[in-house]
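1. predicted structure and sequence below. I'll ask about it afterward.
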Amino acid sequence: MAMGVLKSKRGRNSRRAPMAEINVTPLVDVMLVLLIIFMVTAPLLTAGVPVDLPDSRASALPQEEEPLNVAIDSSGMIFVGEDAVPQGQLGAALAAASEGAACNQREVILRADRSLDYGLVMGVMGELNRMGCNSISLVTNSSSESL
């Protein structure tokens, strides 16, 4: 804290009084830099598996609770959340990811690469249906183009 000098009328005796000023400019600069960093990195944290989604004109649906994310990348590898699922183990991975809750009580979001075979996507949807997941949403990119 800086100390100012107050002079008395006599000139010999002087007292020091604290200055009541705080420089907030560095604090504001740091906060603005942190805000910019969070604004740039926040959109990058939403999707864990890179998937080239197809386009659609449908609008997004409102969500109440955290859905179960299932993704299929361009090589055909299936992911539940961020974890890769070995071939034929989708049912066990879904049971583990639902954390004891019944699959029919949670919404499942399926993201599949546009270059995949239709049969592979339908096979995953069939396995989801067999496990009791009847509320399946397919994720697409929004597009204003008509088919």
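-> Done, it's in.
2. for this structure, which spans come out with low pLDDT?
-> Within the chain, the stretches with pLDDT under 70 are 1-14, 45-48, 61, 63-65, 99-104, 143-147.
3. show me where it has helices.
-> All helices of the chain, identified by DSSP state H, fall at 25-41, 90-97, 118-130.
4. and the second one with helix 118-130, angle?
-> Between the axes of helix 90-97 and helix 118-130, defined by axes from the mean of the first three to the mean of the last three Cα atoms, to 10 degrees, the angle is 50 degrees.
5. any idea how many residues pack against residue 44?
-> For residue 44, the neighbour count with other Cβ atoms under 10 Å is 7. From N, CA and C alone the C-beta is placed, and that goes for glycine too.
6. repeat that for the one 5 residues further on.
-> Number of residues near residue 49 (other Cβ under 10 Å) recorded here: 18.
7. rewinding a little: return the most buried member of the helices of the chain.
-> Neighbour counts (mean count of other Cβ atoms under 10 Å) averaged over each of the helices of the chain peak at helix 90-97, with a mean of 17.
8. for that helix, name the packing helices and strands.
-> Helix 90-97 sits against strand 68-72, strand 78-80, strand 83-85, helix 118-130, with contacts defined as 3 or more Cβ pairs under 8 Å, 6 or more residues apart in numbering; DSSP states H and E.
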